[in-house]
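> here is a sequence together with a model predicted from it:
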Amino acid sequence: MSERMIDHMSLNVADFASMLAFYERALAPLGCKVMMRLGKEVTGHAEVAGFGETKPFFWLAGTERTRPIQHIAFRAESREEVDAFYEAAIAAGGRDNGPPGLRPMYHPDYYGAFVIDPEGHNIEAVCHKAVA
């Protein structure tokens, strides 16, 4: 099984505009930005926004509901990116759910940070690289 198996994922949000603003700020340190927006007239059910670097892989869907609460981990290229993600997400209105640091219970080089977004989703940035 390849770690590139998942092509894209989406998160249901109640307040599309505020959550779009939150994720634009929180994901910017990871090089992830809005690449596409589609309205209800196109999707038939919700306004959506796709984030990515080269193609959208993470989607917000304004479904007017937050359930089910999700946990999503975004890959970071460095520990510094994890730190920057955490600071940006907190500054954008997220709540601490585990500051940047090693999580050796997963593996010795697992460096992550966890934030609860404004609607309760647990988001994480993680770097798996060893420090040289």
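Sure, I can see it.
> hey, let's count contacts and neighbours off CA atoms from now on
Will do.
> tell me what the lowest-mean-pLDDT helix or strand in the chain is packed against?
Lowest on mean pLDDT, DSSP states H and E among the helices and strands of the chain sits helix 40-43, with a mean of 88. Based on contacts counted as 3 or more CA pairs under 8 Å, 6 or more residues apart in numbering; DSSP states H and E, there is no element that helix 40-43 packs against.
> what lines up beside the next helix-or-strand element following that helix in the sheet?
Following helix 40-43 in sequence order, the next helix or strand is strand 47-52 (DSSP states H and E). Strand 47-52 has its sheet partners listed here by DSSP bridges as strand 33-38 (antiparallel), strand 56-62 (antiparallel).
> distance from the chain centre to strand 47-52, please.
Distance of strand 47-52 from the chain centroid (CA atoms, centre = their mean, to the nearest Å) equals 12 Å.
> next one: stretch 86-95
With CA atoms, centre = their mean, you get 12 Å for stretch 86-95.
> for stretch 23-39, same thing?
Relative to the centre of its chain, stretch 23-39 is centred 9 Å away, using CA atoms, centre = their mean.
> contacts made by it with the rest, please.
With contact meaning CA atoms under 8 Å, 6 or more residues apart in numbering, stretch 23-39 is reached by 46-53, 55-56, 75-77, 81-82, 84-86, 88-90, 92.
> kindly recompute the last result at 7 Å.
With CA atoms under 7 Å, 6 or more residues apart in numbering as the test, stretch 23-39 has contacts from 46-53, 55-56, 76, 81, 84-85, 88-89, 92.
> and it, how far apart are its ends?
Start to finish, the residues bounding stretch 23-39 are 18 Å apart (CA to CA, to the nearest Å).
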